[in-house]
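Asker: Here is a sequence together with a model predicted from it:
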Amino acid sequence: MIRVELIRRPQQSALFSALSPFIAFALTLIAGAILFWLIGKPPLPALYSYFIEPLTEIWSVHELIIKATPLILIAVGLSVCYISNNWNIGAEGQFIFGGIVGSLLPILVPGFGGPLLLPLMMIMGMIGGAAYAAIPAFLKTRFNTNEILTSLMLVYVAQLFLDWLARGVFRDPNGSGFPGSIRFPAVARLPEIAPSQGGAHLGIVFAIVAALVVWFMLRSTLKGFEVRLIGTSPRAGRFAGFSASKMAFFAFLTSGALAGLAGITEVSGAIGQLRETISPGYGFTAIIVAFLGRLNPIGIVAAGLVLALTYLGGEAAQISLGVSDKVARVFQGMLLFFVLGCDTLIHYRIRLVRRAIASALEKS
Amino acid sequence: MKKLVLGLASALAIMVATSASAQDKYKACFIYLGPKTDGGWTQAHDIGRQYVEEKLGDKVETAYLENVPEGPDSQRAIERFARSGCGIIFTTSFGYMDPTLAVAEKFPDVKFEHATGFKTAPNVTTYNSRFYQGRYIIGKIAGKMSKTGVAGYIASFPIPEVVMGINGFLLGARSVNPDFKLKVVWVNTWHDAGKEADAAKALIDQGVDIITQHTDSAAPMQIAEERGIHAFGQAFDQIEAGPNAQLTAIMDTWGPYYVKKIQAAMDGTWKGGEQSWDGLAEGILAMAPYTNMPDDVKAMAEDTEAKIESGELHPFTGPVNKQDGTVWLKEGEVSDDGTLLGMDFYVEGVDDKLPQ
């Protein structure tokens, strides 16, 4: 009998740490090819239509950017949380709340226009997301509640609240009873970057700026040092005079504000009205993006684009090869699985122990 | 090297060949809300698509996208089809209305057909089915078959289409049992087997002994079968889900309509801006076999079906009162289509407050 043990490596290879997302991606491709082969589709054309075809046309690249924008914005914020050991799982709820609060002006004050409208909407979206994220931060610091649970449960509260609004008080009176607010006027729509080519809106600019700012903050400022120090060793952080409670608020408010900004850019840019659902789970997929990007804001930009590609590729493969849309989910799952697998093998090595030796070892 | 060149050349030849054959065929594309095997609404559309392939054979090529959520994802899916050479695109859910129009504006040469909507454009038509005719028939059956005199209705969204179905059902039931009552549960989704099943259970627990639905899955039928009560299939013959429960089903038979419109598009006779609203007579809906009921009820149902088909009977014929007791249709008066398509009120006897 053979037992498998994981032994922590004394040193981790920096090279493989950097390479692991790429290795994971390559493994996903190989596993994907086998998967396509097993269901009787030609593997190479399938992978082509999945990962290359969406990039061959400019409008499709725009769609990729639209899909990646909320993922990047949310994941950048989450990286601050996760590095500082604050487990915000509720970005989906903060995204929704940002969308709601940001939409208040165009829905409740339809006559209000002018150049101030959009900036105000964006700021209100950030405030909405941050305020919603403050709840689990407060509960964690004041009552020592588990923020994973509270932030996750608040997602459902936000979803149902939005549902109630879109079917109730915010419903378009001329919408024949169908849920959803009025369609936003042009002044309340986030402008498109290149309208002649495709629909990508200004949100991607926000996402890249956010990634750069957070990257700089984490790398080169005292605050960034504080984030990392409290994350790796709260005790050392205390000796250095940093407050873990303040850090919890900082991390939750930052990620909440970015998730809220993502919410209002999605509503104002991609959707154009407040609907009963505004997210196909961006707040959760962003968790994959954050880890795939190794909690590094620049890596997150790349990871966001890759995850967005799996969504679009799912559609392309469905049209050209008739494979089920579920394959997209399988790819996302495999990607995360291989990333976590690679990480585990970077931190640990596998040792096979024969049962006899193992029991001998235990005795000694 | 020679082999490589040869390989490349043959690959190129294959690509040219496939693109040439693709050009010969007319491409008709379909966007589905649910999975194509949902046992209801989407499957009925997909059977329509298969009917097109069967009838038009080599002249046409079809494609579909399933599980496309309403909202920005649907706009991208429709646009992808418009760019991939589709000549005509059928968008088969009410919520695709604005996305369909947005894409149609960008692609004036592509033809769009939107199911159950009310907005058109020079290259967008709408098509719908007079489901209320079927609802009236199943209402009459429910009026005869229910022992408690109360039926349950699993409704999706409070849009005119759904309200019309509820009213049609109740008018049918009340034509045989004037005291008939109807309980309504709004699940606020077109397709969510879990929610639909929960709604069915809740209704049965409240004492209804017949359920019907305006949602897409076969889950309510399965619950009815489990609990030993009766139900009506929706959009699709659900007899497999409820061999003892199903009395009949309102089957959407989109196939002939799809063939007609795709043929028109190929012939160049397709016209935009039209709104099609066919019924039993035109064959866009049909009743599944009447099962699990006594012969007299079956005879009544067949008779009603024949009368509606011949135009002798219109389900929305007065006298009909609104829920608040005021008169809607006077004796012998028949509702016009406009009122039906914008219906935002219940008729008398619905035990529910219409969500406003």
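Answerer: Received it, and whenever you're ready, just let me know what you need. Residues are numbered from 1 along each chain as shown, chains lettered A, B, ... in the order given.
Asker: helices and strands of chain B: which one bottoms out on pLDDT?
Answerer: One helix or strand of chain B scores below all others by mean pLDDT, DSSP states H and E: helix B:2-24, with a mean of 45.
Asker: Show me what the helix or strand just after it pairs with in its sheet, parallel or antiparallel.
Answerer: Using DSSP states H and E, the helix or strand that follows helix B:2-24 in sequence is strand B:26-31. Sheet pairing of strand B:26-31 (DSSP bridges) gives strand B:60-65 (parallel), strand B:88-91 (parallel).
Asker: can you tell me which of those the model trusts least?
Answerer: Confidence, taken as mean pLDDT, is least for strand B:60-65 of these (a mean of 92).
Asker: what does whichever helix or strand comes after that one contact?
Answerer: Note on strand B:60-65: by DSSP H and E, the next helix or strand toward the C-terminus is helix B:72-83. Outside helix B:72-83, the residues that touch it by CB atoms under 8 Å, 6 or more residues apart in numbering or on different chains are A:57, A:59-60, A:63, A:66, A:266, A:270-271, A:280, A:312, A:315-316, A:319, B:29, B:31, B:63, B:65, B:68, B:89, B:91, B:93, B:95-96, B:99-100, B:102-103, B:106-107, B:110, B:112. C-beta coordinates here come from the backbone N, C-alpha and C atoms, glycine included.
Asker: tell me the SS of the residue of the stretch 201-350 of chain B found nearest chain A?
Answerer: The minimum distance from the stretch 201-350 of chain B to chain A, using CB to the nearest CB, falls at B:Asp344 (6.5 Å). The three-state label given to B:Asp344 by DSSP: H, G, I helix; E, B strand; the rest coil is coil.
Asker: what's around it, how many residues?
Answerer: When neighbours are counted by other CB atoms under 10 Å in any protein chain shown, B:Asp344 registers 14.
Asker: ok, A:Ile23 to B:Met221 distance?
Answerer: Here the criterion is CB to CB, to the nearest Å. By it, A:Ile23 lies 49 Å from B:Met221.
Asker: more neighbours, these two?
Answerer: Between A:Ile23 and B:Met221, counting by other CB under 10 Å, B:Met221 is the more crowded of the two (32 against 16).
Asker: Go ahead and confirm the more buried one touches B:Glu240.
Answerer: No. Contact criterion CB atoms under 8 Å: B:Met221 and B:Glu240 do not qualify, at 9.0 Å.
Asker: Tell me, please, where in chain B the pLDDT is lower than the cut-off.
Answerer: Filtered on pLDDT under 70, chain B yields the residue ranges B:1-23, B:356.
Asker: what does it put close to chain A?
Answerer: Contact residues (CB under 8 Å from any CB of the partner chain) of chain B with chain A: B:63, B:65-67, B:69-73, B:76-77, B:79-81, B:83-84, B:94-95, B:98, B:118, B:157-160, B:163, B:188, B:342, B:344, B:355.
Asker: so where do the strands sit in chain A?
Answerer: In chain A, the segments counted as strands under DSSP state E are A:2-8, A:348-354.
Asker: can you list those in a markdown table and add mean pLDDT?
Answerer: What follows is the strands of chain A, written out as a markdown table (pLDDT from 0 to 100):
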| stretch | mean pLDDT |
| --- | --- |
| strand A:2-8 | 82 |
| strand A:348-354 | 82 |
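Asker: For these, state which one has the densest average packing.
Answerer: Burial of these is given as mean neighbour count (mean count of other CB atoms under 10 Å in any protein chain shown); strand A:348-354 ranks first at a mean of 12.
Asker: Just the pLDDT at the closest residue to chain B within the stretch 1-150 of chain A, thanks.
Answerer: Chain B sits closest to A:Glu63 of the stretch 1-150 of chain A, with a gap of 5.1 Å, by CB to the nearest CB. The model reports A:Glu63 with a pLDDT of 89.
Asker: That one touches A:Leu312, doesn't it?
Answerer: Yes. Contact status for A:Glu63 versus A:Leu312: in contact at 6.1 Å, counting by CB under 8 Å.
Asker: Give the intersection of the neighbour lists for these two.
Answerer: Shared contacts of A:Glu63 and A:Leu312 (CB under 8 Å, 6+ apart): A:54, B:76.
Asker: For B:Asn67, which non-adjacent residue is closest in space?
Answerer: A:Asp325 (4.9 Å; CB to CB, 6 or more residues apart in numbering or on different chains).
Asker: For B:Val150, see how far away that neighbour is.
Answerer: Separation of A:Asp325 from B:Val150 (CB to CB) stands at 40 Å.
Asker: same check, this time on A:Phe239
Answerer: In terms of CB to CB, A:Phe239 sits 71 Å off from B:Val150.
Asker: So between those two, which is more surrounded?
Answerer: Between A:Phe239 and B:Val150, counting by other CB under 10 Å, B:Val150 is the more crowded of the two (20 against 9).
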